[in-house]
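**Q** Give me coordinates for this.
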Amino acid sequence: MNVKAVVKVMNFHALLRVDASRRKADKLAAMEEELAAMMRIVLNNRNLRADKRVRLPDPKLPPLRIYMGSDLGFCGGVNASVTSVLNQDRTGEKVVIGKKVRTPSEVSLFLTREDYEAEPERVYGYLERAVKERCWSAVELVYNHYYNLSSIKQVSRRIYPLEALPEEEENQWDDFVIEGDVEGLLNDMTVSYLVYELQIAAASAYAAENIMRQNATMESLKKLDEREEEEVRQARKEKNQLAFQKTIDSYVKQKSLEEA
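**A** Predicted coordinates:
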């Protein structure tokens, strides 16, 4: 197998995906802050809290953690960093996305990235249970977050329940009144919010994966080129040494014949 040819193919595919995945991640990242701000306004509504319409899970329960890696290799420490956190996780329920993530036996749901994209509802079901059944204390995402082309960081982020704003930051004009099935409406809104948060994180993780794969394959190609150059230099050196040795041998033989 020609290793360089394989690396070139991986690098080419990464280049094709990087720009599209980065644009999508940037677009969704701009939505994330507004989405979280909107949900904080709703869930921190003092009227709803006073009427006990906002129901939060028991903080004593274990959390639900969703780990996102990749299906492919040649992407640096993307899967290694996620696997490291997963292996240290001793509590709670775990959902893992990514064929290259090494999973322990106690994982509740394991999906390849391809499976997740084909059937995201299998993960959404866990989000719905988290909100409507409140069977976990929190929902947390563990993945490699894309910030920009030169900044990618593995993060563990809680998306449910949202942290309350400090009292001085709350806006009293946001304390609106809702009529009807308030709890059902809030549950549906929260589930939709979590679904969007998962999609945003998945897009960020995918952009990080492709950028790290591009960097890894570029570095590999550079090292392979350096190795080839070193082999060429060594071969040239050996050839020159051989030619020099022949010249010396020829000179010595000629001198011997002249003396004879």
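**Q** I'd like to know how far Met68 sits from Lys94.
**A** From Met68 over to Lys94 the distance is 12 Å, taken as CB to CB, to the nearest Å. Placement of C-beta: from N, CA and C, glycine included.
**Q** Can you check which residues contact both of those two?
**A** Here Met68 and Lys94 share no contacting residue, scored by CB atoms under 8 Å, 6 or more residues apart in numbering.
**Q** When the two are compared, which one has more neighbours?
**A** Neighbours per residue, other CB atoms under 10 Å: of Met68 and Lys94, the larger number sits with Met68, 28 against 20.
**Q** how close does that one sit to Ala205?
**A** 5 Å.
**Q** Mutual contacts of the two, please.
**A** Common neighbours of Met68 and Ala205 (CB under 8 Å, 6+ apart) are Tyr143.
**Q** pLDDT score assigned to the residue nearest to Leu149 when sequence neighbours are not counted?
**A** Distances taken as CB to CB, 6 or more residues apart in numbering place Ile211 nearest to Leu149, at 6.3 Å, with adjacent residues excluded. Ile211 carries a pLDDT value of 84.
**Q** Contact partners for Ile211?
**A** 14, 18, 22, 146, 149, 152.
**Q** tell me which element it is part of?
**A** For Ile211, the host element (DSSP states H and E) is helix 182-259.
**Q** who's in contact with Val7?
**A** 74, 217, 220-221, 224 are the contacts of Val7 under CB under 8 Å, 6+ apart.
**Q** pLDDT weak spots in the stretch 51-200 of the chain?
**A** Low-confidence segments of the stretch 51-200 of the chain, defined by pLDDT under 70: 73-76, 164-180.
**Q** can we see that at 90?
**A** Flagging of the stretch 51-200 of the chain using pLDDT under 90 yields the residue ranges 51-56, 70-84, 87-92, 99-107, 145-154, 161-189.
**Q** check contacts around the residue nearest to Thr91 when sequence neighbours are not counted.
**A** Of all residues not flanking Thr91 in the chain, Pro62 sits nearest, at 4.7 Å (CB to CB, 6+ apart). Going by CB under 8 Å, 6+ apart, Pro62 touches 91-93, 136-137.
**Q** And Ile159, by the same measure?
**A** Applying CB under 8 Å, 6+ apart, the residues near Ile159 are 139-141, 194, 197-198.
**Q** Same list (those residues) but as a markdown table, adding neighbour count and distance to Pro104.
**A** Shown next, in a markdown table, are these (neighbours: other CB atoms under 10 Å; distance: CB to CB, whole Å):
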| residue | neighbour count | distance to Pro104 |
| --- | --- | --- |
| Val139 | 26 | 20 |
| Glu140 | 19 | 17 |
| Leu141 | 25 | 18 |
| Leu194 | 22 | 25 |
| Glu197 | 22 | 25 |
| Leu198 | 23 | 22 |
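**Q** so which of these comes closest to Lys246?
**A** Leu141 (68.2 Å; CB to CB).
**Q** In three-state terms, label the closest one for me.
**A** strand (DSSP: H, G, I helix; E, B strand; the rest coil).
**Q** what comes into contact with the helix or strand harbouring Tyr67?
**A** Using DSSP H and E, Tyr67 maps to strand 64-68. Contact with strand 64-68 is made by 82, 85-86, 89, 92-98, 101, 123, 126, 130, 136, 138-143, 156, 198, 201-202, 205, as judged by CB under 8 Å, 6+ apart.
**Q** That one to helix 182-259, inter-axis angle?
**A** 30 degrees (axes from the mean of the first three to the mean of the last three CA atoms, to 10 degrees).
**Q** For strand 64-68, what is the distance to the chain centroid?
**A** 11 Å (CA atoms, centre = their mean, to the nearest Å).
**Q** Tell me the strands beside it, with direction?
**A** According to DSSP bridges, strand 64-68 forms sheet pairs with strand 93-97 (parallel), strand 139-148 (parallel).
**Q** What are the buried residues along whatever helix or strand comes next after that strand?
**A** Downstream of strand 64-68, the next assigned helix or strand under DSSP H and E is helix 78-88. Going by neighbour count (16 or more other CB atoms under 10 Å), the buried part of helix 78-88 is 78-79, 81-83, 86.
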